[in-house]
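A.B. asks: sequence first, predicted model second:
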Amino acid sequence: QVQLVESGGGSVQPGGSLRLSCAASGSIFSIYGMGWYRQAPGKERELVARKTRGGSPDYADSVKGRFAISRDNAKNTVYLQMNSLQPEDTAVYYCKADGVFTAATGDAAYDYWGQGTQVTVSS
């Protein structure tokens with residue numbers, strides 16, 4: 001089975017920075033997309049940033065210019081550098097790996113989610 005383990009969440013003051021990491025483990029052959037989503041209380045889960053293998057990153061308009069996503073394909077790891085954090089960035093951040101091929105699934109690709117990590121921006 002594929003597991004996604006996130007780290008790097010926490011509490012920060014407005015204007016501060018955090019870096020999230022997410023490592024995928026298991027008998028993985030390849031991962032098409034890796035990204036970050038977030039869900040604030042009372043709101044739906046939304047895309048923050050996503051990067052496909054070999055492709056350009058996509059960002060939510062609300063984080064453009066402040067957040068940067070990067071991937072290490074050799075380590076099946078995705079990072080999210082978050083700068084100039086604001087209270088509205090407060091949410092649980094989830095890592096997602098989509099289009100994952102593994103030894104167990106053969107020609108079928110599946111999506112996987114991490115358990116989530118809390119990011120709180122408050123003075």
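C.D. replies: Sure, I can see it.
A.B. asks: beta partners of the residue positioned nearest the centre of the chain?
C.D. replies: Central residue check for the chain by CA atoms, centre = their mean: the C-alpha nearest the mean position is that of residue 36, 2.6 Å away. Counting by DSSP bridges, residue 36 forms beta bridges with residue 49, residue 95.
A.B. asks: what's the helix or strand for the nearest residue to residue 66 once chain neighbours are set aside?
C.D. replies: Setting aside the residues directly before and after it, residue 66 is nearest to residue 84 in space (CB to CB, 6 or more residues apart in numbering), at 4.6 Å. The way it works is simple: take the backbone N, C-alpha and C, and place the C-beta from them, glycine included. Using DSSP states H and E, residue 84 sits within no helix or strand.
A.B. asks: give me the neighbour count for residue 84.
C.D. replies: 13 (other CB atoms under 10 Å).
A.B. asks: state the distance from it to residue 64.
C.D. replies: From residue 84 over to residue 64 the distance is 11 Å, taken as CB to CB, to the nearest Å.
A.B. asks: quick check: the residue nearest to the centre of the chain touching residue 50?
C.D. replies: Yes. Assessed by CB atoms under 8 Å, residue 36 is found in contact with residue 50 at 7.4 Å.
A.B. asks: so what sits against both of the two?
C.D. replies: Counting by CB atoms under 8 Å, 6 or more residues apart in numbering, the contacts common to residue 36 and residue 50 are 69, 96.
A.B. asks: quick one, helices of the protein?
C.D. replies: Assigned by DSSP state H, the helices in the chain number zero.
A.B. asks: from residue 54, how far off is residue 86?
C.D. replies: In terms of CB to CB, residue 86 sits 31 Å off from residue 54.
A.B. asks: these two: which has the busier surroundings?
C.D. replies: Taking neighbours as other CB under 10 Å, residue 86 and residue 54 compare with residue 86 leading, 13 against 8.
A.B. asks: who's the spatially closest residue to residue 29 that is not a sequence neighbour bridged to?
C.D. replies: Closest residue in space to residue 29, ignoring its immediate chain neighbours: residue 101 at 4.3 Å, by CB to CB, 6+ apart. Per DSSP bridges, the residues bridged to residue 101 are residue 30.
A.B. asks: which residues touch residue 5?
C.D. replies: The contact partners of residue 5, taken as CB under 8 Å, 6+ apart, are 22, 23, 25, 114, 115.
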